[in-house]
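[1] Predicted model and sequence below, questions to follow.
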Amino acid sequence: MIELHGLTKRYGEKTAVDDLTFRVRPGVVTGFLGPNGAGKSTTMRMMLGLDNPTGGDVRIDGKRYDQLHEPLNYIGALLEAKAVHGGRTAYNHLLCMAQSNGIPRRRIDEVLDLVGLTGVAKKRPKGFSLGMGQRLGIAAALLGDPKILMFDEPVNGLDPEGIHWIRNLMKQLADEGRTVFVSSHLMSEMALTADHLVVIGQGKLMADTSMADFIAENSRTYVRIRTPQPEALRDALGGEGLTPTPVADGSLEVEGADAARIGELAARRQVVLHELSPQRASLEEAFMRLTAESVEYHAHTTSGTSGAADASGAAPPDGGEAAGSEAGAWGSGWKKGD
Ligand SMILES: Nc1ncnc2c1ncn2[C@@H]1O[C@H](COP(=O)(O)OP(=O)(O)OP(=O)(O)O)[C@@H](O)[C@H]1O
């Protein structure tokens, strides 16, 4: 469990993190979202004791970071993939971390195997691709078999197989009862991975809620219709106070009634339908709506965010993807009393 109480960080006049209070609970993946400059990295750095708060505090299982003895055994973090000493081999980089935290050597082989870097263990990370650097950072985060894991943009630079792998790894870590806190700009990825969301804007807490509730509360639901008889449909629905709105792709969108009701109204007038599909807005649309006011840096566009609904990325998966077998080798019990 991670607990933030009134966490605040000011840089001169700028309040980067503004009185944040929330908990990150074990057993679920918690996504951390916010527009550019919202304060996510600053918050994560304070969680890890890398920055001092101007006010408030962070507790890791009830303790401040600097009170943790051998902290890698409590909390593992991936902040910047390239924050690795370029001159040491991947193995020696992990060895240094292990030695200063009382972690046995064999754990290094385990985590290298887990992230798929065994073959390059004796190579220097300065020659690594972004994706390999990311995997080494993840290996370091996992080294102490910690109960709490924090990942800042973990899928940066990873190829589709790597993205799939880390998604399953994070879910597995949460299923094992660990606390998993992850930031990402990739909304479709977050929708597939996180169960719970914490959203900030200009340093302030904007939402702390389940993924499903967040999407339901911050987006519209509607029914998409395709018909060769749009006028007849308009008449059929108009009598019930419903207004189909034409969309550029030739479909119609109707809010205020479910698909069954619309289908019945169309059938009563014998209107032919080629499509009748309920739409859940995507996490991306919900996020854009919630944070529209707090976006600090944005491009000027002529279109708004509404109407950008796309069912892709909307629905968290039904758990159909089993965790990769390589992830099954996780934490093979070298620790006692866990
Ligand atoms: N060392 C610093 N000195 C001055 N201002 C800073 C410093 N670090 C961060 N800031 C400012 O604090 C705000 C929050 O920055 P932060 O990097 O935490 O945001 P973020 O949500 O992680 O952004 P991004 O998604 O772009 O990575 C920004 O306005 C940033 O310019």
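    Arrived safely, thanks for sending.

[2] Extract the residue ranges of the protein that are flagged as low pLDDT.
    80-86, 293-338 (pLDDT under 70).

[3] mind redoing it with 50?
    300-338 (pLDDT under 50).

[4] Walk me through the domains of it.
    2-74+146-215, 221-280 (automatic domain parsing).

[5] Looking at those, spot the one closest to the ligand.
    For the domains of the chain, proximity to the ligand was assessed by C-beta to the nearest ligand atom; domain 2-74+146-215 is nearest, at 3.2 Å. No exception for glycine: its C-beta is placed from N, CA and C like everyone else's.

[6] Would you confirm that residue 101 contacts residue 69?
    No. Residue 101 lies out of contact with residue 69 (C-beta atoms under 8 Å); the separation is 9.4 Å.

[7] Please say which of the two ends up with more neighbours.
    residue 101 (16 against 9; other C-beta atoms under 10 Å).

[8] My reading is that that one lies in a helix. Confirm?
    No. With DSSP: H, G, I helix; E, B strand; the rest coil as the criterion, residue 101 is located in coil rather than a helix.

[9] residues in contact with it?
    Applying C-beta atoms under 8 Å, 6 or more residues apart in numbering to residue 101 gives the contacts 70-73, 143-144.

[10] one more time with 6 Å, if that's ok
    70, 72, 144 (C-beta atoms under 6 Å, 6 or more residues apart in numbering).

[11] re earlier: for the domains of the chain, state which one has the densest average packing.
    For the domains of the chain, the largest average neighbour count (mean count of other C-beta atoms under 10 Å) is found in domain 2-74+146-215, namely a mean of 19.

[12] Would that domain count as contacting the ligand?
    Yes. Applying C-beta under 6 Å from any ligand atom, one finds domain 2-74+146-215 touching the ligand at 11, 14, 16, 34, 36-42.

[13] and the residues you listed, which of them are in helices?
    In this view, the residues of domain 2-74+146-215 next to the ligand that belong to helices under DSSP state H are 40-42.
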